[in-house]
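Participant: Let me see the structure of the following:
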Amino acid sequence: MLGLKMKAHAASIALLALGAVVASGQAPAWAATVTIGSEAALPPLDPQRTTGSVGLRIAGAIFDTLIREDLSKGGAGVPDIAPALAESWSVSDDGLTYTFKLRKGVTFHDGTAFNAQAVQTNFDRLLNKESAVFDERASSTMAFLTRWIASSKVADAETFTLTLKEAFSGLPRLLSDRSMSIISPAAMEKYKGDELGFHPVGTGPFKLATLEQGQALTLARNDGYWRGTPKVETLVFKAVTDPTALAIAMQTGVIDVIPSASAEQVTQLSVEPDLKVQYTDAANFYFIRLNMKAEYTKDARFRQALNYAVNRDFIAALFGGQAVPRGGPVPTGNEITALAAGTVKEYNYDPEKAKALIAEIGLKAPVTLKVLAPNNGPGFGLSPQLMTLIQQDLAAVGVDLQPQLLEFTTMISTERPGYTDDVHGSYNGWVTGAGSAYVFERLFASSQQPPKGVNRGWYQNADVDAKLAAARSERDEAKRAALYVDAAAKVAEDSPYLFLYQDRLPRVIRSNVKGIEAAASVYIDFSQVSVD
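Facilitator: Next up is the predicted model:
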């Protein structure tokens, strides 16, 4: 009882602090303000350096991309793409050259004109090491896209071209990724390194008003926005890392939206009459990524045994139905989901099969596995309990799982260079871009091992690499999908991950907040948000 009182007291203190910060950043009482609660610290808002959904979600309010996701309607499947800063685009017959006709009359928040040279400067930052705006970290983060670009060119003020090293029909969808937001060239020249993230300047529906590093952010309406004047005056983003405090803030009207709600928050808040729970069911997957270089996990049979050992129905129960068991690499909502059904292996719960595989390898119990896991952060509120469940399942087949719980950002920075040989993996998830089939290349291609990408477990399979490369350049949609399915099937057999579940990605929204549709995306089109 004392522990509960202390937790509630801590939540109340956090809530009071939240109210003070929000009040100090609000527009006048007559202006509509929507406050969004973040379950993690707010990162620097440099979209080309950021990979997490927390920062990229905010980036979508400040910046535009050349091509955007159409989030105007709900429904399953990957959202359509639509023109944004590029009014239209075309591709050459050989699939190598994309020509973008750019929107006229658009300006950045600092008054800089948007034109083809501004776009070129953004690509110089990522590709041209001789450029004054080149940024090594941004270049590395965006290599999943830019590594296919041979050159870029300003044809005229409203025409920009990209020439690729090889055909890549998935390029337009990748350009809709929030990490490919177009940044003001003047801001890039003025602010270097981390400083740019504290002075974000885009063409989006809102512009920076006040910033309390890591904690709070106030955005003011961009009255000259090219898609029309936004429907609210002010957006406030506030980090509330204590889940209880975040739920209380929602109940008491201090915040209006929880964009990534936990199972406990959904249970607590779904009974509130003025709140609504919205499930996006966007493609995503959560897993323990395994280390191909570490003892035990370097053996595919052992990795398969781990996948057979885990009861994913118990995981779904832990999350109160918010998680869907996922025993393979293809999430619902991906471009190849339908074609992969029945073809790409989904591991079922079979502890006897797990024991048989471990015995076949000749390992003697207990086998000790050391993995990293977040103790908080977006989507990870139940991480300690999940680790306990998996510990119990693995113990039943002779494996001693020893998780090291770390603060979320600390874990990400620890795993970013790739696993050291004494770490067997880490518990994490992937949401951004998971609807595109290209996500399999980002996660599993050997070319995406650190420092070039996020294949942090050092997975490598020449056949998978070849199929991913063939799929990338295949212009026939059916053939391309079949190649991706073949690659995913091989990944499932190799089991570089302990596949766990898919999050339904619910949001909690105050009933008077309108314009947030249940599109299958982790993002929100803030230009359409309004208040009754």
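
Participant: Residue 267: what's its closest spatial neighbour, skipping adjacent residues?
Facilitator: Once flanking residues are discounted, residue 267 sits nearest to residue 320: 5.9 Å by CB to CB, 6 or more residues apart in numbering. C-beta coordinates here come from the backbone N, C-alpha and C atoms, glycine included.

Participant: ditto for residue 510
Facilitator: residue 256 (4.4 Å).

Participant: which residues touch that neighbour?
Facilitator: By CB atoms under 8 Å, 6 or more residues apart in numbering, the contact set of residue 256 is 34-36, 509-510, 513.

Participant: Could you export these as CSV, including distance to residue 448 and neighbour count?
Facilitator: Output for the contacts of residue 256, formatted as CSV (distance: CB to CB, whole Å; neighbours: other CB atoms under 10 Å):
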residue, distance to residue 448, neighbour count
34, 37, 25
35, 37, 25
36, 31, 24
509, 35, 24
510, 40, 20
513, 38, 20
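
Participant: what about the residue nearest the centre of the chain, distance to residue 181?
Facilitator: Computing the C-alpha centroid of the chain and ranking residues by CA atoms, centre = their mean puts residue 432 first, at 3.0 Å. Using CB to CB, to the nearest Å, residue 432 is found at 13 Å from residue 181.

Participant: Can you tell me the closest non-neighbouring residue to residue 471?
Facilitator: Here the residue nearest residue 471, using CB to CB, 6+ apart, is residue 483, at 3.7 Å.

Participant: Likewise for residue 154?
Facilitator: Closest residue to residue 154 apart from its sequence neighbours, by CB to CB, 6+ apart: residue 116 at 4.3 Å.

Participant: and that neighbour, what are its phi and psi?
Facilitator: phi -60, psi -30 (degrees, to the nearest 10).

Participant: cool, residue 117 as well?
Facilitator: The phi/psi pair for residue 117 (degrees, to the nearest 10) reads phi -70, psi -40.

Participant: what do you get for residue 37?
Facilitator: Torsion angles, degrees, to the nearest 10, at residue 37: phi -90, psi 130.

Participant: mind checking how far it is from residue 419?
Facilitator: From residue 37 to residue 419 the distance is 32 Å (CB to CB).

Participant: quick one: residue 237 is in a helix?
Facilitator: No - secondary structure of residue 237 (DSSP: H, G, I helix; E, B strand; the rest coil): strand, not part of a helix.

Participant: all helices for the stretch 51-200 of the chain, in order.
Facilitator: 53-62, 116-127, 136-141, 143-146, 171-175, 185-190 (DSSP state H, counting those that start in this stretch).

Participant: I'd like those as CSV, with mean pLDDT, mean neighbour count and distance to residue 399 appended.
Facilitator: Shown next, in CSV, are the helices of the stretch 51-200 of the chain (pLDDT from 0 to 100; neighbours: other CB atoms under 10 Å; distance: least, CB to CB, whole Å):
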stretch, mean pLDDT, mean neighbour count, distance to residue 399
helix 53-62, 94, 25, 31
helix 116-127, 98, 21, 42
helix 136-141, 92, 17, 34
helix 143-146, 89, 20, 33
helix 171-175, 93, 20, 38
helix 185-190, 97, 18, 49
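
Participant: Between these, which one is closest to residue 428.
Facilitator: Taking CB to CB, helix 53-62 is the member of the helices of the stretch 51-200 of the chain nearest to residue 428, at 12.2 Å.

Participant: what helices or strands is that closest one leaning on?
Facilitator: Judged by 3 or more CB pairs under 8 Å, 6 or more residues apart in numbering; DSSP states H and E, the packing partners of helix 53-62 are strand 206-212, strand 216-221.

Participant: shaky segments in the protein?
Facilitator: For the chain, the stretches with pLDDT under 70 are 1-31.

Participant: Let me know the angle separating the host helix or strand of residue 410 from helix 53-62.
Facilitator: Using DSSP states H and E, residue 410 sits in helix 408-415. Angle between the axes of helix 408-415 and helix 53-62 is 110 degrees (criterion: axes from the mean of the first three to the mean of the last three CA atoms, to 10 degrees).
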